[in-house]
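Enquirer: sequence and predicted structure below; questions after.
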Amino acid sequence: MLQKIATLRAEIEALTAASADEAEALRIKYLSKKGLIPALMADFRNVPAEQKREVGAAINALKDFATERITALRDAATATVSGADIDLTRTPAPAPAGTRHPLSLVREEIIAIFRRLGFTIAEGPEIEDDWHVFGALNFAADHPARDMQDTFFIARNPDVLLRTHTSSVQSRVMEHTEPPIRIICPGRVYRNEAVSARAHCFFHQVEALYVDKGVTFADLLQTLQYFAAEMFGSDTKIRLRPSYFPFTEPSAEMDISCDLCGGKGCSFCKGTGWVEILGCGMVDPAVLSSCGIDPDVYSGFALGMGVERITNLKYRVNDLRLFSENDVRFLDEFAGTH
Ligand code: DAH
């Protein structure tokens, strides 16, 4: 009997439990009514009278030892799963999500506004040829924009270049599409400029083009007014100033009322009460012809804007370099903006 007790004690000493359930199973095995220790107690009556004292004490000690050991195993197992220092009612810390780049936010907003007017997205290559960037768009052969100072040429080939504006997508789409054409062309453009707070060698533009029968300047004006109100708020005023672009005639530049000073004049609008946001005009008939569209049947308007410029106006980012440095302190400022 004493031998049996010693064996059980050694067995219990070596027990392990990985979970509260395992510890409970051990309790049932050793300590429950039908368990091994109570079974020993049942055998107690067969112990010779002169040994009863010693064996009785040994069984009681084994029972205490088993109770203590199995309770300790249960406590250790539960502590690793949901111990006292884990508060399950606490609000979890939010997982840090990435932020959308401010230029993407603004580009998506511009696209959404034009989508509501029925425009669809068109894209074109960033590596272009002279014809689509300049030739088809009515740039004279000696136009300064073709110059090395503005345009990045690839492999010294004057016919392979990085597009300097997204107007090149206009020429590509017109060349193979029968009007009506109503497209919006977002994309990156490149110019050979020294990088500073106000200029960069690459930036982003969104171009819009509408060609159909009977498109007039009034359609352009309505589109501009709708865009300005949606983008900058319904009380935004616009004004058009006559301008020149080779691919539009007449051409204009659009200003919006300065929302910093409400039009009174401040340092941001250089005291004028207005800030310039885009270029636009009626597609020059020569451009329609170049792209295989009959200017006697169709007319159209085009407009183009810089995404960085619109972003600066909306979020007052006054150093263009911030957009491409990927400093998370800057990007985090746009967290939660949709
Ligand atoms: N392509 C011009 C630029 O990069 C912007 C522009 C002006 C686009 C007038 C147009 C437009 O479509 O009509 O400066």
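Expert: Received the coordinates, thanks. Please read all numbers here as calculations on a predicted model, not as lab measurements.
Enquirer: list the contacts of the residue in the stretch 151-300 of the chain that the ligand sits nearest to.
Expert: The nearest approach of the stretch 151-300 of the chain to the ligand comes at residue 279, 2.7 Å away (C-beta to the nearest ligand atom). For glycine as for every other residue, the C-beta is placed from the backbone atoms N, C-alpha and C. Going by C-beta atoms under 8 Å, 6 or more residues apart in numbering, residue 279 touches 243, 245, 248, 251, 252, 253, 254, 303, 304, 305.
Enquirer: ranges for the helices of the chain?
Expert: Listed in chain order, the helices of the chain (DSSP state H) span 2-13, 20-31, 36-43, 52-82, 102-116, 130-133, 167-176, 217-232, 285-290, 307-315, 322-325, 328-331.
Enquirer: and of those, who's closest to the ligand?
Expert: helix 167-176 (4.2 Å).
Enquirer: for that closest one, what is the average pLDDT?
Expert: Mean per-residue pLDDT for helix 167-176: 97.
Enquirer: now do stretch 320-338
Expert: Averaging pLDDT along stretch 320-338 yields 88.
Enquirer: only alpha carbons, please: show that stretch as CSV.
Expert: The C-alpha atoms that make up stretch 320-338 are tabulated as CSV, following Å, rounded to 0.1, in the frame of the first residue of the first chain:
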residue,chain,number,x,y,z
LEU,A,320,5.8,71.0,-53.9
ARG,A,321,8.6,68.8,-52.7
LEU,A,322,6.5,67.5,-49.8
PHE,A,323,4.4,65.6,-52.3
SER,A,324,7.2,63.3,-53.4
GLU,A,325,9.3,63.0,-50.3
ASN,A,326,6.9,60.5,-48.6
ASP,A,327,7.6,62.0,-45.1
VAL,A,328,5.0,60.1,-43.0
ARG,A,329,4.6,63.1,-40.7
PHE,A,330,3.2,65.0,-43.7
LEU,A,331,1.2,62.0,-45.1
ASP,A,332,-0.3,61.3,-41.7
GLU,A,333,-2.0,64.7,-41.7
PHE,A,334,-4.3,63.3,-44.3
ALA,A,335,-5.3,60.3,-42.3
GLY,A,336,-9.0,59.8,-42.3
THR,A,337,-9.6,62.1,-45.3
HIS,A,338,-11.5,60.3,-48.0
